[in-house]
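Novice: I would like the atomic coordinates for the input below:
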Amino acid sequence: MLYLSKSKYCKFCQCPKIIWLQKHKPEEEYFDPQSKSLMEKGNEIGDLAMGLWGSFVEVTAYKDGKLDLAEMSRRTAREMAKETPVICEASFMNKGLYCAVDILKRSSDGWELYEVKSSATKEGVKQTYLADIAYQRYVLKQCGVHISGTYLVTVNTNYVFDGNNLDLSQLFDIRDVSADITDELSKVPQNLQAAEAVMQFETEPDIDISRHCNYPYRCPFWQYCTRELPDQSVFNLYRFKDKFDCYQQGIVSFEDYRRYYRKKNPIRDRQVEYALEDKGTYVDCKGITEFLSMLSYPLYFLDFETMQPAVPLYAMSKPYAQIPFQYSLHYIEEKGGPLMHREFLAESGPDPRRPLAEKLCDDIPPDVCVLAYNKSFECNRLKELAELFPDLAEHLLSIESNILDLLTPFRNGYYYNRAMGGSFSIKSVLPAMFPEDPELDYKNLEGVHNGSEAMEVFPLIKDMNEREREETRRNLLRYCALDTYAMVRIWEKLEEVANEQKV
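Specialist: Below is the predicted model of the structure:
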């Protein structure tokens, strides 16, 4: 008998190979930290949505640390028999098929099914959502449940929290998808037969990589399924949207790309050339010099760290808004002057934006030259802070209007080293320019090694004991300081190579 949950059904719809690998090679499954964070946010949103209609009964049950599906199904049947108005995680099993409905709401002529997603509301509905809801509706029909309405619940990112009580009716958008799932509903029986056949295969299904590997999310078996690709493949090229089209045409390696691909990009061409011909560093002295001539003293290097709560925590904030809680600032007041450093890390818990904005205005004078790496992030945060705090707006917007982007020399192709591969992020540029420099190695940091980790740990500090709190704050400060110190070293390197070329 086929045993299939709704999550496995949706994975089958993305790629049948996924459910075979989960059964036969589960050790090959890999979830990156970002995927795990999205799952946690999904759970938070799901829990909150349970209260959309006030009181509710949740039937979740555990046994030996795992979900007890049989008990959850029994509890669901009891609550339905009592005509409980709202049942959350309502569970149903029929002939090996299982699903838990996020919210099952009693109506005058049956039950309404609500599927909650943590994603933002968009015009169209993702196909994977329709497949998910269609499977649930099919299972409930097999269990004899009359469904009078089928709805998708998503997050309204335009909702502005007033700082007092969350208005769930405004936080969530509810869309009737009864008509939208018609086509997917008709496919369920056929898909179930196909899924059962796949699960019985003794050998791995012969399904090649394609666009489905990235939709609706990067498949957790991507590393496994691409293990035989050459190290230098079209999937490693800089901003290359046609990689799957090329792959399907047999254009896989860098050699293939250079031989056959005609829609060329100068930066990608250089990446291929330097990799295949074992070249080291390309320097466009004129371009670098022109960029450096735009800088002036005093020179500031700025980097923000932010968190992105799915549920707004602070007044005048929206779901998934970027909330800055920390910055690092290295600066040099005059040519040949010493490198100095200032920093700010807010208290975990209270709204960090006002203290950060005030301290930033103290630390950066108006109308000075500021460098950021991929400046759009810092610029957007400054504009948001200026809108939020009108009394600081003039100063904040002065900082924003004077920011230049240290990414420019790399994005414009003025400097390239083959060790950068197809990425010009600071995490790729830094080790390429300073190989094996322990002072600039993020791996040598403790506790916090990247922005995702900083984002996750900062909200947790408020619940730590004093020792953990001090240690975590120290780790955050060291991480953010390295971001701006790395910018200083990159700027110095650009100055150095430009001067060498002039000589």
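
Novice: Please name the residues that touch Asp363.
Specialist: Going by CB atoms under 8 Å, 6 or more residues apart in numbering, Asp363 touches Leu329, Arg342, Phe344. For every residue, glycine as well, the C-beta is placed using N, CA and C.

Novice: Tell me the one of the residues you listed nearest Gln22?
Specialist: Set against Gln22, the nearest of these by CB to CB is Phe344 (44.9 Å).

Novice: Show the pLDDT at Leu476.
Specialist: For Leu476, the pLDDT comes out at 98.

Novice: Next, count neighbours for the closest residue to Ile426 other than its chain neighbours.
Specialist: In space, and not counting its chain neighbours, Ile426 is closest to Tyr373: 5.0 Å by CB to CB, 6 or more residues apart in numbering. Counted with other CB atoms under 10 Å, the neighbours of Tyr373 add up to 24.

Novice: longest helix anywhere in this structure?
Specialist: Taking DSSP state H as the criterion, the chain has its longest helix at helix 466-502.

Novice: now for that one, which elements pack on it?
Specialist: Using 3 or more CB pairs under 8 Å, 6 or more residues apart in numbering; DSSP states H and E, the elements in contact with helix 466-502 are strand 281-283, helix 285-292, strand 299-307, strand 323-332, strand 340-345, strand 369-372, helix 426-433, helix 451-457.

Novice: which stretch among the ones you listed comes nearest Ser169?
Specialist: The nearest among the helices and strands packed on helix 466-502, by CB to CB, is strand 323-332 at 23.6 Å.

Novice: Spatially nearest residue to Ser108 (excluding sequence neighbours)?
Specialist: Ser148 (7.8 Å).

Novice: if I've got this straight, the one you found is in a helix?
Specialist: No. Checked against DSSP: H, G, I helix; E, B strand; the rest coil, Ser148 lies outside a helix; its state is strand.

Novice: Return the set of buried residues in the helix or strand of the chain with the lowest mean pLDDT.
Specialist: When the helices and strands of the chain are scored by mean pLDDT, DSSP states H and E, helix 33-49 comes last with a mean of 82. Under the neighbour-count criterion of 16 or more other CB atoms under 10 Å, helix 33-49 has Ser37, Leu38, Lys41, Ile45, Gly46, Leu48, Ala49 buried.

Novice: still on that earlier bit, which one of the contacts of Asp363 is nearest to Cys99?
Specialist: When these are compared against Cys99 (criterion: CB to CB), the nearest one is Phe344, at 47.6 Å.

Novice: Please name the bridge partners of the closest one.
Specialist: Applying DSSP bridges to Phe344 gives these bridge partners: Tyr327.

Novice: And for it, the neighbour number?
Specialist: By other CB under 10 Å, neighbour count at Phe344 equals 22.

Novice: separation between it and Ile399?
Specialist: Here the distance between Phe344 and Ile399 works out to 14 Å (CB to CB, to the nearest Å).

Novice: shared neighbours, those two?
Specialist: Common neighbours of Phe344 and Ile399 (CB under 8 Å, 6+ apart) are Leu360.

Novice: how about the helices in the stretch 301-450 of the chain?
Specialist: With DSSP state H, counting those that start in this stretch as the criterion, the stretch 301-450 of the chain has helices at 353-363, 376-388, 390-401, 408-411, 426-433.

Novice: From the chain's centroid, how far away is the longest one?
Specialist: Computed by CA atoms, centre = their mean, to the nearest Å, the chain-centroid distance of helix 376-388 equals 20 Å.

Novice: avg pLDDT for that helix?
Specialist: Averaging pLDDT residue by residue across helix 376-388 gives 98.

Novice: circling back to that earlier point, list the contacts for the residue nearest to Ile426?
Specialist: Asp303, Asp405, Leu406, Leu407, Ile426, Asp483, Met487.

Novice: out of the contacts of Asp363, who's nearest Glu184?
Specialist: Using CB to CB as the measure, the one of the contacts of Asp363 that approaches Glu184 most closely is Phe344, at 49.8 Å.

Novice: just to revisit the earlier point, same for the helix or strand following the least confident helix or strand of the chain, what does it pack against?
Specialist: Going down the chain from helix 33-49, the next helix or strand is strand 57-58, by DSSP states H and E. If contacts are counted by 3+ CB pairs under 8 Å, 6+ apart, strand 57-58 sits against strand 86-94.

Novice: Using CSV, write out every CA atom in the strand it packs on.
Specialist: Extracted in CSV, the C-alpha atoms of strand 86-94 (Å, rounded to 0.1, in the frame of the first residue of the first chain):
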residue,chain,number,x,y,z
VAL,A,86,-12.5,25.6,14.3
ILE,A,87,-10.2,22.6,14.3
CYS,A,88,-6.5,23.2,13.7
GLU,A,89,-4.2,20.5,12.3
ALA,A,90,-7.3,18.5,11.5
SER,A,91,-5.9,15.1,10.5
PHE,A,92,-7.3,12.5,8.1
MET,A,93,-6.1,9.0,7.0
ASN,A,94,-7.5,6.9,4.2
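
Novice: contact partners of it?
Specialist: 50, 53-60, 69-70, 72-73, 75-76, 79-80, 98-106, 139-140, 142-143, 145.

Novice: in its sheet, what does that strand sit against?
Specialist: When DSSP bridges is applied, strand 86-94 pairs with strand 57-58 (parallel), strand 97-107 (antiparallel).

Novice: and the helix or strand just after the shortest one, which strands flank it?
Specialist: The reference is to strand 57-58. Next helix or strand after strand 57-58 toward the C-terminus (DSSP H and E): strand 62-63. Using DSSP bridges, strand 62-63 pairs in its sheet with strand 66-67 (antiparallel).

Novice: could you dump the strands paired with strand 86-94 to a markdown table with distance to Met420?
Specialist: As requested, the strands paired with strand 86-94 are exported to a markdown table (distance: least, CB to CB, whole Å):
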| stretch | distance to Met420 |
| --- | --- |
| strand 57-58 | 50 |
| strand 97-107 | 44 |
